[in-house]
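Participant: with the sequence up front, the predicted model follows.
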Amino acid sequence: MTIARQLRRRRKNELAKEVGVTPAAITQYELGQTKPSAGIVGKLALALAVPVDFFNFGAPDASTSPAHFRSLRATTQLERDEVIAFGKLAMRFVSAIEHYVDLPTVDLPREDLPQEPSRAEIAAVARDVRKALGVDSGPIPNVVRLLESRGAIVLQLPVSSRRVDAFSFWCGSRAAVFMNPQKNDKARSRFDAAHEAGHLIMHRDLDPGSRIMENQAHDFAAEFLAPSEEIENELPRKLDWEHLGVLKRRWGISIKALAYRAHSLGVFRDPVYRRAMITLSQWGDPEPFDIGVRETPILMNKALKVCGDIGTSIDDLTRLARLPGSIVDQILALGVEERPKVDI
């Protein structure tokens, strides 16, 4: 019930007023301390636009870890709650799929960090993870596909989630990553996916939200996408935009990230780095040297095709997941690879 309320951006007092109970009663329902009557369940379903059996009191979803967020500072708690609720419902649909087909086994390494890891130690973790995932050297061709091949569920967020970049959590033993389709930039999507992989691998049992963990995930993503021992020798020794554009295309990393990397590795001195940041700020988004649209997931699309081949319909999965059709439509629309569109 909490998930449905958060998905619809309802506060407890607002929902209580709609169904004719007290806010305390809503709290008790959500905590499982009391069970609503059949009449109240019907009112809750109507108010939250979900089927009555969506609630199915006494049958909890798989446990989820706290979500690690990349979002703008202006993001409200209601907005965060909404996208997390959507993520949990999407994973309920994935669980329904897994009743019929075997998805790739989750094979993401787990790295336990020391108490106060240095940036060098985070970089070493990223290099170890590359090796564990079968990436020895050079650019990663497709970060999203790599995560999917190792059992992670990667989906895109609803278009209403404009102020959330990405987030991730563990749902039972399955890793989940949600990315914002509004950020239609290949370099940005690759960094977001690598950043969330860092959280999943390094911060599985830690409470999210600290700036320290965000910085660790940033450092992980930078090294994961372009190991320092490789990229350092390729970076220009002076501010050369054409050269940076070539590296952007080769490594799938934004020019801003490349400039930051050059500074952190000591290739760019402070004045050069400041000049680069000023120029990039003046250019704004999108930055030059476009490398194409964002990386998109394909695992859900393939899983649904297998379901169809064995006679399992979308309606079958929807009933098993106890989800409203509108939510399933969103999940399906956001979980498939985009194709070029023809305008008439």
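Facilitator: Thanks, I have the structure now.

Participant: so which bits of the longest helix along the chain are buried?
Facilitator: In the chain, taking DSSP state H as the definition, the longest helix is helix 77-97. Within helix 77-97, the residues that count as buried by 16 or more other Cβ atoms under 10 Å are 79-97. The way it works is simple: take the backbone N, C-alpha and C, and place the C-beta from them, glycine included.

Participant: which ones are touching the closest residue to residue 176 other than its chain neighbours?
Facilitator: Nearest non-adjacent residue to residue 176, counting by Cβ to Cβ, 6 or more residues apart in numbering: residue 153, 4.8 Å away. For residue 153, the contact set (Cβ atoms under 8 Å, 6 or more residues apart in numbering) comprises 90, 91, 94, 103, 171, 174, 175, 176, 177, 297, 299, 300.

Participant: what element comes up after the longest helix of the chain heading to the C-terminus?
Facilitator: helix 119-132 (DSSP states H and E).

Participant: for that following helix, packing partners?
Facilitator: For helix 119-132, the packing partners by 3 or more Cβ pairs under 8 Å, 6 or more residues apart in numbering; DSSP states H and E come out as helix 186-202, helix 211-225.

Participant: how far off centre is that helix?
Facilitator: 21 Å (Cα atoms, centre = their mean, to the nearest Å).

Participant: buried ones in that helix?
Facilitator: In helix 119-132, counting by 16+ other Cβ under 10 Å, buried: 122, 123, 125, 126, 129, 130.

Participant: now stretch 181-200
Facilitator: 181-183, 185-200.

Participant: re earlier: can you redo the contacts of residue 153 as a markdown table with pLDDT and distance to residue 157?
Facilitator: Shown next, in a markdown table, are the contacts of residue 153 (pLDDT from 0 to 100; distance: Cβ to Cβ, whole Å):
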| residue | pLDDT | distance to residue 157 |
| --- | --- | --- |
| 90 | 94 | 10 |
| 91 | 94 | 14 |
| 94 | 95 | 15 |
| 103 | 96 | 21 |
| 171 | 91 | 16 |
| 174 | 94 | 18 |
| 175 | 96 | 16 |
| 176 | 95 | 12 |
| 177 | 96 | 10 |
| 297 | 93 | 12 |
| 299 | 95 | 16 |
| 300 | 93 | 14 |
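
Participant: next, format those as a markdown table and append distance to residue 41.
Facilitator: What follows is the contacts of residue 153, written out as a markdown table (distance: Cβ to Cβ, whole Å):
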| residue | distance to residue 41 |
| --- | --- |
| 90 | 24 |
| 91 | 23 |
| 94 | 26 |
| 103 | 32 |
| 171 | 25 |
| 174 | 29 |
| 175 | 33 |
| 176 | 28 |
| 177 | 33 |
| 297 | 35 |
| 299 | 35 |
| 300 | 31 |
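
Participant: and of those, the nearest to residue 45?
Facilitator: Nearest to residue 45 among these: residue 90, at 20.0 Å, using Cβ to Cβ.

Participant: so where is the stretch 151-300 of the chain shaky, pLDDT-wise?
Facilitator: In the predicted model, the stretch 151-300 of the chain carries pLDDT under 70 at residues 159-162.

Participant: now residue 134, what are its backbone angles?
Facilitator: phi 90, psi 20 (degrees, to the nearest 10).

Participant: no, scratch that, I was asking about residue 176
Facilitator: phi -130, psi 130.
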